[in-house]
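Undergrad: Generate a structure from the sequence data that follows.
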Amino acid sequence: MSHLVARSLSHVLRRTSVRSAQFSSMPDSLEHATGIEKRELLAKVAGNDNPFDLRVLKRGAGTKDCPNQVPSAFDSRIIGCICEEDATTVNWMWLHQGEPKRCGCGHWFKLEYKAPV
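TA: Next up is the predicted model:
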């Protein structure tokens, strides 16, 4: 019985190695991607290396008349303000479209519409 199993196994291995030789290269990740992943990769190819605006933004003066603009494709977004340079905590708050909001440290923030990826 072990001789029969060994012959079957060697037959399967030979067929597998022939098939794998036919497909010697993997498809490019852009060709293989779908959905939001593909849109992200296409944005990066087009030169936008931050398509979802996830990088930390340096805040400006942030006055009531000229608030810090926060990009968002939605009607609301949660943001974090590091109120002092040496702070070890982040002050989290929700921003809603059309409603500028003041952080506890005095800086103002406002959502700015940005088209989704």
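
Undergrad: hey, let's count contacts and neighbours off CA atoms from now on
TA: Will do.

Undergrad: low-confidence ranges in this protein?
TA: 1-24 (pLDDT under 70).

Undergrad: all helices of the chain, in order?
TA: 2-22, 29-32, 35-45 (DSSP state H).

Undergrad: Just the buried positions in the last one, please.
TA: Judged by neighbour count (16 or more other C-alpha atoms under 10 Å), helix 35-45 contains these buried residues: Glu40, Leu41, Ala43.

Undergrad: Report the distance from it to the chain centre.
TA: 10 Å (C-alpha atoms, centre = their mean, to the nearest Å).

Undergrad: thinking again about what came up before, could you dump the buried residues of helix 35-45 into CSV with distance to Leu111 added?
TA: Shown next, in CSV, are the buried residues of helix 35-45 (distance: C-alpha to C-alpha, whole Å):
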residue, distance to Leu111
Glu40, 22
Leu41, 26
Ala43, 22
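
Undergrad: what's the closest of these to Ser29?
TA: Leu41 (8.6 Å; C-alpha to C-alpha).

Undergrad: separation between the closest one and Met26?
TA: According to C-alpha to C-alpha, to the nearest Å, Leu41 and Met26 sit 17 Å apart.

Undergrad: can you check Gly106 too?
TA: Gly106 is 53 Å from Met26, by C-alpha to C-alpha.

Undergrad: the more surrounded of the two?
TA: With neighbours defined as other C-alpha atoms under 10 Å, Gly106 and Met26 compare such that Gly106 has more, 13 against 7.

Undergrad: Could you report the separation of the more buried one from Glu99?
TA: For Gly106, the distance to Glu99 (C-alpha to C-alpha) stands at 16 Å.

Undergrad: same check, this time on Val117
TA: Taking C-alpha to C-alpha, one finds Val117 at 24 Å from Glu99.

Undergrad: Likewise for Ala115?
TA: 19 Å.

Undergrad: now His32
TA: 41 Å.

Undergrad: now swap in Asp65 and tell me
TA: Taking C-alpha to C-alpha, one finds Asp65 at 13 Å from Glu99.
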